[in-house]
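Peer 1: structure for the following, please:
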Amino acid sequence: MEWANSKQITDEQKVVLKTLAEHVGKPSLKFLEVGNWLGESTLVLAEVAKRHFGKLYCVDWWKGNPGTELESIAAKEDIFSLFWQRICVEGFQDVVVPIRGSSDSAAEILKEQVFDLIFIDGDHRYEQTLRDIKNYASFVKPNGGILCGHDCEGYIADFDENFLNKGKNIDCHETVHCGVVLAVGSVFNNYSINYSIWSTICEPGKRTWLPTDLIYQNLPELKQGPPPLLGISDNFKIFRFGKQVFAVPENIRDFDITQEHTTASPDVIISETLDQLEDLIGERIWVSSESPMLLSSYRGFNLVKYKEHIYALHESIGPLDLTLTTEPEIKQFKKSGKCFLENSLDAVKEKIDSSIPILVEENYRKFNIVFYRGKYIAVAQDLGKISDWTRFDFKAHEESFKCFVGDSHVEVLRQIDQMSLSILEKAIEEKEFELKKSLNENKLKNSRIASLEKQIEADSKVLETFKKKEIPGSSEN
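Peer 2: I've put the predicted structure just below:
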């Protein structure tokens with residue numbers, strides 16, 4: 001698992017958390033974070049603690065929240081080792097104090113401690129969140145200490161009560177952490193929410209809680225940032241924001257559901273439930289889940305919805321469990337053209353279309369030329385039909401002059417012509433050599449004949465001369 005792909009907190013939330021931490025910053029401060037995972041928010045708090053020569057206590061069992069994808073990941077990865085490695089790489093090993101165990105057991109261990117700030121981001125189900133708030137609230141310094149937490153998308157009044165009750169016993173329901181919203185709202189009457197981080201401050205001299213009401217530099221005042229994608233249909237992206245669900249056309253880019261002027265667009269369809277929204281748009285909605293969902297097949301690729309992406313997986317990959325597939329494996333599939341990732345069905349289909357070879361010219365000097373993945377490719381006809389381009393070994397065939405790759409049609413034609421010219425020049429050179437060899441052989445042959453002819457002629461003259469001479473004893477008596 002790579003740290004870059006473990007993001008559990010947005011950039012805006014980092015600003016909020018850092019501002020809260022700086023508000024109580026002083027020498028030898030003490031922070032407590034309940035729920036750390038791979039340390040995304042831990043680094044924010046640790047950096048402030050280090051500058052103030054303080055400590056950050058981290059409570060987690062590093063097994064993931066029950067019923068979530070994190071639980072599945074932790075079953076096959078040593079998450080704590082990855083967490084601690086990251087802490088050491090960033091130079092916070094002398095600041096961070098890890099406590100490995102459940103938040104309930106850690107509360108017993110830490111009950112004599114007092115903290116300047118406590119950040120709760122553990123189990124998001126209602127009962128456990130409520131218990132964490134009650135257990136740790138008494139650990140906050142009574143004079144201006146801060147108690148805060150993650151994943152509170154709004155106040156109870158911002159949502160339908162039935163909706164919250166339906167999702168309070170699971171980690172997340174339709175992109176809302178219903179258990180957190182209900183637990184925080186049931187404990188506190190007044191509290192701040194900024195980019196889904198709730199926060200309260202202990203009023204000096206009293207044991208009462210007030211909203212922090214801090215100003216966050218360069219951030220608009222929002223309870224919740226742009227919500228994550230809830231689902232998709234054939235032509236819409238689906239979002240939930242507060243009491244409503246929104247169907248946004250695929251062709252609308254950079255749409256911010258938190259802005260009223262954008263939700264007022266006539267192209268955006270709004271409803272109170274997903275079932276009603278399906279009826280309004282006349283399309284099936286596929287809801288994002290932590291389990292991969294096969295949507296359809298397209299031109300030899302399986303289209304799978306997983307988290308916020310649509311995966312196009314080539315059929316040649318075979319059965320693949322995305323929950324167990326590592327990031328390097330995905331990168332390798334992408335590199336080989338067997339996998340594409342996009343945020344919509346249309347976008348991933350466009351990628352597939354661009355990955356399917358298009359015949360540009362046939363039988364040019366016994367080569368077929370295709371356009372494939374942004375390149376022009378000439379393939380020798382004697383290689384036969386290529387059934388799976390994702391497995392075609394371009395490099396090997398280039399080395400044997402059976403394949404040429406270029407950025408344009410003309411460039412590939414030029415490569416074929418150069419090869420053909422080289423072959424022709426070599427053939428002529430070989431024939432000239434053979435001709436020269438043959439001529440030399442004939443020259444030797446002709447020289448021998450001439451020599452023999454001269455010898456025969458000389459011998460013939462000798463013979464004639466010999467015949468003309470009188471041979472002794474040949475006269476008649």
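
Peer 1: now do the helices in this structure.
Peer 2: With helices called from DSSP state H, the chain shows them at 11-23, 40-51, 69-74, 79-89, 103-109, 126-137, 161-167, 178-187, 260-263, 274-281, 327-335, 345-355, 394-399, 409-468.

Peer 1: would you turn those into CSV with mean neighbour count?
Peer 2: The way it works is simple: take the backbone N, C-alpha and C, and place the C-beta from them, glycine included. Below are the helices of the chain laid out as CSV (neighbours: other CB atoms under 10 Å):
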stretch, mean neighbour count
helix 11-23, 19
helix 40-51, 21
helix 69-74, 17
helix 79-89, 17
helix 103-109, 16
helix 126-137, 20
helix 161-167, 15
helix 178-187, 23
helix 260-263, 12
helix 274-281, 16
helix 327-335, 13
helix 345-355, 17
helix 394-399, 13
helix 409-468, 11
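
Peer 1: can you list those in JSON lines and add distance to residue 320?
Peer 2: Shown next, in JSON lines, are the helices of the chain (distance: least, CB to CB, whole Å):
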{"stretch": "helix 11-23", "distance to residue 320": "32"}
{"stretch": "helix 40-51", "distance to residue 320": "28"}
{"stretch": "helix 69-74", "distance to residue 320": "15"}
{"stretch": "helix 79-89", "distance to residue 320": "23"}
{"stretch": "helix 103-109", "distance to residue 320": "35"}
{"stretch": "helix 126-137", "distance to residue 320": "34"}
{"stretch": "helix 161-167", "distance to residue 320": "30"}
{"stretch": "helix 178-187", "distance to residue 320": "32"}
{"stretch": "helix 260-263", "distance to residue 320": "37"}
{"stretch": "helix 274-281", "distance to residue 320": "28"}
{"stretch": "helix 327-335", "distance to residue 320": "9"}
{"stretch": "helix 345-355", "distance to residue 320": "16"}
{"stretch": "helix 394-399", "distance to residue 320": "24"}
{"stretch": "helix 409-468", "distance to residue 320": "34"}
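
Peer 1: any idea which of the ones you listed scores lowest on pLDDT?
Peer 2: Of all the helices of the chain, the minimum mean pLDDT falls on helix 260-263 (a mean of 67).

Peer 1: what's the domain layout of this protein?
Peer 2: Recorded structural domains for the chain (assignment: automatic domain parsing) are 3-211, 231-286, 293-354, 357-440.

Peer 1: so can I have CSV of those showing distance to residue 219?
Peer 2: Below are the domains of the chain laid out as CSV (distance: least, CB to CB, whole Å):
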stretch, distance to residue 219
domain 3-211, 6
domain 231-286, 13
domain 293-354, 23
domain 357-440, 39
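
Peer 1: for residue 224, find the nearest of these.
Peer 2: Comparison of the domains of the chain against residue 224 by CB to CB identifies domain 3-211 as nearest, at 4.9 Å.

Peer 1: quick one: distance of that closest one to the chain centre.
Peer 2: Mean-position distance between domain 3-211 and its chain equals 27 Å (CA atoms, centre = their mean, to the nearest Å).
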